[in-house]
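# Need a 3D model of the sequence below.
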Amino acid sequence: MTEEVQACSPALSPAQRAGKPALADRPLITAEQAGQLVVLFKVLGNDTRLRLLHALHRDGEVPVGELAEQVGMRPQAVSNQLQRLGDRGIVAARREGNRIFYSIADPCIPLVLDLALCLTEETTVGREAMNDPT
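Below is the predicted model of the structure:
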């Protein structure tokens, strides 16, 4: 299992690249920091927002209409979800004429998505292995 966890860990965390201590070297998070994380996870805890973030990571700067097509939703519904992400500084918007283009503003977001996908894949693999009678 240790090898699996290491497979999900980047060589240097975003915090380390920013000159901050590694997670294991930090003091226990405060109640306030935990509360901030809960708010962040609530914003990220939406399947549409996660799909939009993945699309933005894959394609870079994308207009709302194109994102709406990719996720099979109306542009207004996509705009509403992007607004929630923008309020937290996760995405940025740029207007060009009557079109609005969105991109990921926080460089940690692709890493969070990548690690989360890794965790779900590892968890699924782990559960399947436990249920294997051989």
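
# Least confident secondary structure element in the chain?
In the chain, the helix or strand scored least confidently by mean pLDDT, DSSP states H and E is helix 2-8, which has a mean of 51.

# from the middle of its chain, how far away would the helix or strand just after that helix be?
Helices and strands here follow DSSP states H and E; after helix 2-8, the next one along the chain is helix 14-17. A distance of 16 Å separates the centroid of the chain from that of helix 14-17, by Cα atoms, centre = their mean, to the nearest Å.

# same thing with stretch 102-113?
Distance, centroid of stretch 102-113 to centroid of chain: 6 Å (Cα atoms, centre = their mean).

# Could you shift the numbering so residue one becomes 17, and keep it that way?
New numbering, starting at 17: the last item is stretch 118-129.

# which residues are in contact with it?
By Cβ atoms under 8 Å, 6 or more residues apart in numbering, the surrounding residues in contact with stretch 118-129 are 26, 29-30, 60, 66, 69-70, 72-73, 76-80, 83, 98, 102, 105-110. Quick note: C-beta positions are derived from backbone N, CA and C, even for glycine.
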